[in-house]
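Student: fold the stuff below for me.
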Amino acid sequence: MTQPAKQKWYQKHWAMLLVISTAYIAVFANVQGFKAMLPLVQDEFLVSRTLVGFYSSFYFLSTVVIAVFSGKIADYLGTKRGLILGVGITGIMIILHSFAPLFGIILLLAFFTGIAFSLITPSVNKGVIEMSEPSKRSFSMGIVHGGGGLGGFMGAVMLPFIGEITGWRIALLIGGIFAVIITLFIYRFYQPISSGSETNPSNPKESVTSKPTSLKQDLLALLKNRYLISFFAMGIVFGISISSVTGHYSLFLTRDLGTTATFAGLGLGFFHIGGVAGQPLWGLINEKVFHGNRRIGLSLLGILISGLALFSGLVVSRFSFPNYGLIIFSFLFGFCTMGVIAIYFTSVSELVSREYIGVVTGLALIFPRTSTIFAPPLFGLIADHSGTYALSWIVLGSFVLALTIAFFCYSGKVSPEAYDTQKS
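Tutor: Okay, here's the model as predicted:
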């Protein structure tokens, strides 16, 4: 490839990454924006913090049920059609949220919204891996998944602000229309490109084939890879930590620390801005400092997340902090907590050949999403019984630390070179 042609390819590569990231911007702006408005929703429907936590549970319950199937569908549809279906249906579901007369109906709509969302991540990961060079994959993945943090910031800051002026229903209606507009944008501007690399970077001898396989064959091949399975523990880490924080952070700031709903939305927004910065930067750190060692990068992040959660329960919950201090802390929390996502998905995608990317992403999503079903309600239940969120943070930090240690120890005992999904 000539230098001008290579430069043109790189320009298109970065442009397509930004187009893909708009899918996450649209979805997370709505989902996290709604979570930031939960104090307003709770006041209208007069529900407990435990029941509020079930919103995340219903949202991710459907994604767990069809995770692997959605991965296979993404492999079949391709990135563009998968994104269009996922974002478009999500927008419609959010619009229906704004008309719900009962909180129970909102939970039901959350279930169907999760089905649409389940198509997005496998489609995104497939597109990123196919178009990115091995040395830039976790950084590229971080840019795209960082769109979720940017969308979360937009939603968490803007929707509560609009909601306090016009009501949360009008705010959601605006958010849903925004997602539909993004769907049309992806349809118009996304053009798939290839990196030209036809081998799996974790196994250079493993070439890409087009031989069709069944979902059962794919799963049997993947589940034999114990090194791959060990990484799913870190999926649980980011599942329980992100869902607990985003599901309860606005309530933690308003109920425990006495902030306004608007400031709580701002705090949650800066958590997501931290994620926007953290995902590509942790990907870059992983590639430049740790030389692509995903195991070391994920273990470090697990320790940092545990420390921040324990700090929330032992210090932030008990002492008075100025507003700027809470904003800085929110940013750091998001920077580390959401930094796991890009490295995690890059790790599991690199351990298989390209025709498995959608399925392995679906399989990898089961673990964080299953955690998301149980973590927010339990996090809220502990707070309901103890009266504050302090104990909830301590339990979360302790559990994350235990999982991280287990991952580091077990993954060190097995070798990625011992498994070949093609031969299996």
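
Student: show me where the protein has strands.
Tutor: Here the chain has its strands, by DSSP state E, at 199-200, 203-207.

Student: tell me the mean pLDDT for the shortest one?
Tutor: Right, strand 199-200. Mean pLDDT, computed over strand 199-200, is 42.

Student: so that it lines up with my notes, have the first residue be 14 from now on.
Tutor: Yes, from this point I'll number from 14; that puts the last item at strand 212-213.

Student: remind me, longest helix of this structure?
Tutor: Secondary structure of the chain per DSSP state H: the longest helix is helix 16-49.

Student: can you list the low-confidence ranges for the chain?
Tutor: Where the chain drops to pLDDT under 70, the residues are 14-16, 18-19, 22-23, 207-227, 428-437.

Student: so what's residue 244 up against?
Tutor: Applying CB atoms under 8 Å, 6 or more residues apart in numbering to residue 244 gives the contacts 307, 311, 357, 360, 361, 364, 377, 420, 424. Where C-beta positions appear, they are placed from N, C-alpha and C, glycine not excepted.

Student: the second one touches residue 360, doesn't it?
Tutor: Spelled out, it's residue 311. Yes: if you go by CB atoms under 8 Å, residue 311 and residue 360 touch, sitting 7.1 Å apart.

Student: how close does the residue lying closest to residue 394 once chain neighbours are set aside get to residue 39?
Tutor: Excluding its sequence neighbours, the residue lying closest to residue 394 (CB to CB, 6 or more residues apart in numbering) is residue 63, at 5.0 Å. Noted for residue 63: a distance of 29 Å to residue 39, by CB to CB, to the nearest Å.

Student: more neighbours: those two, which one.
Tutor: Neighbours around residue 63 and residue 39, counted as other CB atoms under 10 Å, are more numerous at residue 39. The numbers are 33 against 17.

Student: ok, now which ones touch the residue nearest to that one when sequence neighbours are not counted?
Tutor: Nearest residue to residue 39, sequence neighbours excluded (CB to CB, 6+ apart): residue 195, at 3.8 Å. Shown in contact with residue 195 (CB under 8 Å, 6+ apart): 35, 36, 38, 39, 100, 104.

Student: if you set the cut-off to 6 Å instead, what comes out?
Tutor: 35, 39, 100 (CB atoms under 6 Å, 6 or more residues apart in numbering).

Student: rewinding a little: please state the offset of the longest helix of the chain from the chain centre?
Tutor: Counting by CA atoms, centre = their mean, to the nearest Å, helix 16-49 is centred 15 Å from the centre of its parent chain.

Student: what is it packed up against?
Tutor: Secondary-structure packing of helix 16-49 (3 or more CB pairs under 6 Å, 6 or more residues apart in numbering; DSSP states H and E): helix 92-110, helix 133-144, helix 150-179, helix 181-202, helix 239-264.

Student: looking at these, which is buried most?
Tutor: For the helices and strands packed on helix 16-49, the largest average neighbour count (mean count of other CB atoms under 10 Å) is found in helix 133-144, namely a mean of 27.
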